[in-house]
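**Student:** sharing a sequence plus its predicted fold:
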Amino acid sequence: MDIRTGGTGSGSGARSIAGGGYTDIRAGGWVARLPAGWRPYALLMRLDRPIGAWLLFLPGLWAIALAAPGWAEGIRLTLLFLLGSFVMRGAGCVVNDLWDRDIDRKVERTRGRPLASGAVSARQAAAFLLALLLLGVAVLLQLNGVAVLLGVLSLVPVVLYPLAKRVTNWPQAMLGITFGWGAPLGYAAATGKVDGTMLALYAAAFCWILGYDTIYAHQDREDDALVGIGSTALRWGERTAPFLAACYAGTVALLLLTGWLAGLRWPFLAAMALPAALLWRQVRTLDIRDPAHCLVLFKSNREVGLAVALALLLGRL
């Protein structure tokens with residue numbers, strides 16, 4: 001998933017804008033009921049499209065389901081990570097749009113974004129980013145020392161991700177590092193340590209994100225080529241389906257390794273059949289020439305992530 005977009009709310013993500021074309025912004029709905037001065041900031045942090053926050057949250061939820069020491073602590077950590085995911089996903093979107101505002105003006109789907117359109121200035125966006133980061137720090141300080149250190153380190157890939165697409169065809173890999181960070185962060189928050197089980201879970205999240213964001217990138221494939229942005233969608237093209245199959249096979253294999261390292265019980269293996277089937281359906285039905293269906297497949301990963309969390313939890317019962 002691309003931080004600068006974060007998915008859309010319904011349909012293909014295409015909506016008419018003044019002057020023609022389309023946009024992925026959902027300026028209607030609950031956002032339209034906000035005070036006028038708040039709306040550009042809500043759109044800047046993609047509160048109109050929460051799928052990105054969900055996908056940032058889910059690797060952390062996996063770790064909490066796998067390693068939380070008890071129900072009370074598990075619920076506490078889940079609520080903190082849910083809040084932190086919305087805040088830090090919003091911060092990531094602001095960073096991304098600050099980097100990309102000149103590029104976004106050249107891409108039909110993104111030219112209406114607050115920074116690209118001028119609804120928010122770069123100085124205002126920087127001040128808003130600082131406020132989000134301070135809130136993120138407040139959430140982070142509720143965790144243990146190891147988790148706090150990992151949380152601070154997570155800012156490095158968040159800042160570097162927007163640069164990746166300018167220098168490589170693998171920005172989805174940088175996004176995997178960034179969005180998957182919730183797995184080690186959640187594991188450290190639950191256990192206070194870093195070990196092989198955590199690394200296996202992080203690797204599984206990385207492969208999953210690499211796969212689903214490649215699907216998402218096919219929506220922008222032609223525009224990206226025109227403005228000189230790299231992506232795995234451009235890198236693999238017509239060979240995306242086998243690449244996606246490899247990513248998702250790696251995801252399932254690494255999750256099974258995680259369960260074995262953690263000593264999970266047999267219900268984990270049985271429950272993993274559901275996310276494996278959902279991932280296979282994405283591979284089987286992928287049509288890179290149908291952007292609307294690519295978006296549907298991309299968004300279906302929320303259900304995949306929840307199914308994985310359920311499997312991990314059942315393995316501990």
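**Tutor:** Yep, it's here.
**Student:** tell me where the longest helix sits in the protein.
**Tutor:** helix 71-104 (DSSP state H).
**Student:** and for the helix or strand following that helix, what's in contact with it?
**Tutor:** For helix 71-104, the succeeding helix or strand toward the C-terminus, using DSSP states H and E, is helix 114-117. Outside helix 114-117, the residues that touch it by CB atoms under 8 Å, 6 or more residues apart in numbering are 40-41, 43-44, 97-98, 100-101, 104-105, 110-111, 120, 122, 125. (Each C-beta comes from the backbone N, C-alpha and C, glycine too.)
**Student:** re earlier: flag every buried residue along the longest helix of the chain.
**Tutor:** Neighbour-count burial for helix 71-104 flags 74, 77-78, 80-97, 99-101, 103-104 (criterion: 16 or more other CB atoms under 10 Å).
**Student:** test my guess that Pro267 contacts Leu317.
**Tutor:** Yes: counting by CB atoms under 8 Å, Pro267 touches Leu317, with 6.6 Å between them.
**Student:** the two - which one has more neighbours?
**Tutor:** Pro267 (15 against 8; other CB atoms under 10 Å).
**Student:** apart from its neighbours in sequence, what residue is nearest that one?
**Tutor:** Nearest non-adjacent residue to Pro267, counting by CB to CB, 6 or more residues apart in numbering: Leu314, 4.1 Å away.
**Student:** same question for Gly228.
**Tutor:** Arg166 (7.8 Å).
**Student:** now do Ala122
**Tutor:** Leu98 (6.3 Å).
**Student:** now do Val194
**Tutor:** Ala188 (6.1 Å).
**Student:** now the one you found: how far from Val146?
**Tutor:** 4 Å (CB to CB, to the nearest Å).
**Student:** overlap in contacts, the two.
**Tutor:** Val194.
**Student:** neighbour-wise, which of those two wins?
**Tutor:** More crowded of Ala188 and Val146, by other CB under 10 Å: Ala188, with 24 against 17.
**Student:** is it true that the more buried one touches Thr197?
**Tutor:** No: with contact defined as CB under 8 Å, Ala188 does not count as touching Thr197 (11.5 Å).
**Student:** can you list the weak-confidence ranges in the chain?
**Tutor:** 1-28, 107-109, 222-223, 225-227 (pLDDT under 70).
**Student:** which residues of it fall in strands?
**Tutor:** 15-16, 22-23 (DSSP state E).
**Student:** okay, now Ala42: neighbour count?
**Tutor:** For Ala42, using other CB under 10 Å, the count is 18.
**Student:** and the nearest residue to Gly182 once chain neighbours are set aside, how close does it get to Gly186?
**Tutor:** Of all residues not flanking Gly182 in the chain, Gly60 sits nearest, at 3.2 Å (CB to CB, 6+ apart). Distance, Gly60 to Gly186, by CB to CB: 4 Å.
**Student:** the two: which is more packed in?
**Tutor:** Comparing Gly60 with Gly186 by other CB under 10 Å, the one with more neighbours is Gly186, at 31 against 28.
**Student:** residue contacts, that one?
**Tutor:** 59-64, 67, 77, 81.
**Student:** correct me if wrong: Ala233 contacts Arg221.
**Tutor:** Yes: at 4.8 Å, Ala233 and Arg221 qualify as touching, with contact defined as CB under 8 Å.
**Student:** show me what contacts Arg166?
**Tutor:** With the criterion set at CB under 8 Å, 6+ apart, Arg166 makes contact with 228-230.
**Student:** just the buried members of those residues?
**Tutor:** The buried subset of the contacts of Arg166 - by 16+ other CB under 10 Å - is 229-230.
**Student:** can you put the contacts of Arg166 in CSV and add distance to Pro275?
**Tutor:** Shown next, in CSV, are the contacts of Arg166 (distance: CB to CB, whole Å):
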residue, distance to Pro275
Gly228, 36
Ile229, 30
Gly230, 29
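**Student:** which one of the contacts of Arg166 is nearest Lys299?
**Tutor:** Nearest to Lys299 among the contacts of Arg166: Ile229, at 22.0 Å, using CB to CB.
**Student:** ok, now how distant is the nearest residue to Leu286 once chain neighbours are set aside from Leu297?
**Tutor:** What sits nearest to Leu286 in space, not counting adjacent residues and going by CB to CB, 6+ apart, is Ala241, at 5.4 Å. In this view, Ala241 and Leu297 are 11 Å apart by CB to CB.
**Student:** who has more neighbours out of these two?
**Tutor:** Leu297 (20 against 16).
**Student:** and that one, what is it in contact with?
**Tutor:** By CB under 8 Å, 6+ apart, the neighbours of Leu297 are 212, 215, 282, 285-286.
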